[in-house]
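1. Provided below for reference: sequence and predicted model.
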Amino acid sequence: MKHSIVTLDLEGVLTPEIWIAVAERTGIEALRRTTRDEPDYDKLMHYRIDLMDRHGITLPKIQETIGTLALLPGALDFLNQLRQRVQVIILSDTFEQFAQPFLRQMGWPTLFCHRLLVEKDRIAGYQLRLPDQKKSAVATLQSLNYNVVAAGDSFNDTTMLGQADHGILFHAPENVVRQFPQFPAVNEYDVLLKLILERI
């Protein structure tokens with residue numbers, strides 16, 4: 001029998017969407033655009049970097065905003081209950097420089113994500129750990145004889161969910177749910193926990 005492991009997206013599943021919070025804090029509505037709206041991640045990131053350049057938004061300013069955010073209500077309890085039963089890895093398209101305040105609140109879980117390229121506090125670009133890293137991570141875990149249960153909320157999670165032995169949409173918008181009817185879609189942590197535990 002295979003061992004099981006769970007992979008979770010970060011933003012929208014356990015934490016608020018960082019870019020939406022930055023949009024609210026800075027008043028730049030265009031920063032509200034996320035992977036729920038734009039499936040092409042590279043296009044989305046260049047759009048964001050250009051906006052920040054034009055508005056003079058630096059990395060410390062974004063980190064200051066992130067430092068004010070709490071986890072989604074119920075997320076920590078869910079995560080703690082889950083980690084008592086199975087190992088959990090967070091697979092996110094966020095960046096090391098953004099994630100620290102959230103990791104602290106969650107008790108420092110394992111996170112695989114990307115890295116920003118920063119010049120004098122200005123975000124100059126970004127470095128992907130590898131393309132489609134969520135799907136690649138799941139495939140590698142499967143090659144280590146793991147049964148993988150994955151949960152995410154956006155277009156950029158769907159390759160991970162498709163690769164996993166069991167994929168679940170959580171807090172996903174209607175357009176994602178409609179496009180991917182093969183994945184069960186739930187909105188409550190207790191239901192998500194039940195679905196995951198039934199699959200490990």
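-> That came in fine, so what should we check first? Residues are numbered from 1 along each chain as shown.

2. what's the burial count for residue 60?
-> 11 (other C-beta atoms under 10 Å). Glycine gets a C-beta too; all of them are placed from N, C-alpha and C.

3. nope, residue 68 is what I meant
-> Neighbour tally, residue 68, other C-beta under 10 Å: 9.

4. go on, the one 4 residues further on?
-> The number of residues packed around residue 72, counting by other C-beta under 10 Å, is 16.

5. if I look at it, how far off is residue 13?
-> 8 Å (C-beta to C-beta, to the nearest Å).

6. how about residue 42?
-> Counting by C-beta to C-beta, the gap from residue 42 to residue 13 is 22 Å.

7. same check, this time on residue 96
-> The value you get for residue 96 to residue 13, if C-beta to C-beta is used, is 18 Å.

8. just give the number of residues close to residue 148.
-> Applying other C-beta under 10 Å, I find that residue 148 has 26 neighbouring residues.

9. meant to ask about residue 22
-> Neighbours of residue 22 using other C-beta under 10 Å come to 23.

10. so which helix or strand takes in it?
-> Secondary structure assignment for residue 22, by DSSP states H and E: helix 18-26.

11. tell me what that helix is packed against?
-> Counting contacts by 3 or more C-beta pairs under 8 Å, 6 or more residues apart in numbering; DSSP states H and E, helix 18-26 packs against helix 59-66.

12. tell me the helices and strands packed up against the helix it packs on.
-> Using 3+ C-beta pairs under 8 Å, 6+ apart, helix 59-66 sits against helix 18-26, helix 96-105, strand 122-127.

13. quick one: the strands in the protein?
-> 3-8, 87-95, 110-119, 122-127, 146-152, 166-170, 185-186 (DSSP state E).
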